[in-house]
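**Q** model this:
(2 chains)
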Amino acid sequence: MERFSLERNGSTLILHISEELDHHMAMQVSRTVDTQIEKGNLKTLIFDFTGMTFMDSSGIGMVMGRYRKMNFLGGQTYVSGIGDGVDRIFAMSGLYRIIPKYEERIQEA
Amino acid sequence: MKKKNEITFVFDSCSENESLARTVMAAFIARMDPTLEELSDVKTAVSEAVTNAIIHGYEGGEGKITIHSQIEGNIVRIEVSDKGVGIPDIDKAMEPLYTTKPEMERSGMGFAFMEAFMDELEVISSEGEGTTVSMRKTIYSALNLS
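**A** This is a model prediction of the structure:
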């Protein structure tokens, strides 16, 4: 069974993950996404959490770590498909101040 | 419903066991008929405490983690213990966003989440001997069960 999957669309990379995101899972996901970031030509990274039932602070660290890499390369990072449980964790950690929801992004003219 | 119940389990310190620990705890408190939010609160707090024991207590090395939990009426108490390196400065460790392992992408939110999701949190630690995190939470839906 796929625990998470990557979708590459030009310069956009979407990570779909609905598996419980803890420290164990975060390490695996980080490695996979980093390989894609290091390949280059990536302008947008979207974390799609549709269907995710559980996340702890390791998920915050994983998203922030990828954001730093994308930011360094001049790219954008978004989160998407946020359910109630994940929303609480993100709001409490202040993550939205740095990484917007894809659905609420400010479109460039 | 049985008014009192108790469980103790011991497992190896490795990241694969994080999901095991919170799944066992979720099953243990299921009889209290928690709301989805209450269940998620307990799972998150347990996950944070166990992850701390693995990453900080045993610094990724070998060791055993013990979880002892008691249900009494509508209150659940959970103790997560390791015999790892201990925490030199507990107040500092509990500050939100403070982490000793930024290189491992730790967000420094572990204790903040435990405090937010549980009603009470107590950390006892001595350097070289280990750490015990004790948490308590009232499961309000359990009030209605006779």
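
**Q** For the chain, give me the ranges with low pLDDT.
**A** Assuming you mean chain A. Applying pLDDT under 70 to chain A flags residues A:1-2, A:108-109.

**Q** Chain B, not that one
**A** B:1-2, B:142-146.

**Q** mind listing the helices in it by residue range?
**A** B:17-29, B:36-52, B:90-94, B:110-117 (DSSP state H).

**Q** CA atoms only for the first one, dumped as PDB, please.
**A** Written as PDB, here are the backbone C-alpha positions of helix B:17-29 (Å, rounded to 0.1, in the frame of the first residue of the first chain):
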ATOM      1  CA  ASN B  17       7.100   1.900  18.000                       C
ATOM      2  CA  GLU B  18       5.700   5.500  18.100                       C
ATOM      3  CA  SER B  19       2.600   4.400  16.300                       C
ATOM      4  CA  LEU B  20       2.400   1.200  18.400                       C
ATOM      5  CA  ALA B  21       2.400   3.200  21.600                       C
ATOM      6  CA  ARG B  22      -0.300   5.600  20.600                       C
ATOM      7  CA  THR B  23      -2.500   2.800  19.100                       C
ATOM      8  CA  VAL B  24      -2.300   0.800  22.400                       C
ATOM      9  CA  MET B  25      -3.200   3.900  24.400                       C
ATOM     10  CA  ALA B  26      -6.100   4.800  22.000                       C
ATOM     11  CA  ALA B  27      -7.400   1.200  22.400                       C
ATOM     12  CA  PHE B  28      -7.000   1.400  26.200                       C
ATOM     13  CA  ILE B  29      -9.100   4.600  26.600                       C
END
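
**Q** Show the secondary-structure elements that that helix is packed against.
**A** Counting contacts by 3 or more Cβ pairs under 8 Å, 6 or more residues apart in numbering or on different chains; DSSP states H and E, helix B:17-29 packs against helix A:23-39, strand B:4-12, helix B:36-52, strand B:64-72. Where you see a C-beta, it was placed from the backbone N, CA and C, and this is true even at glycine.

**Q** For residue 29, list the residues it contacts.
**A** Since you didn't name a chain, this refers to chain A. By Cβ atoms under 8 Å, 6 or more residues apart in numbering or on different chains, residue A:29 lies in contact with A:4, A:15, A:17, A:21, A:62.

**Q** wait, I meant chain B there
**A** B:39, B:42, B:71, B:76, B:139.
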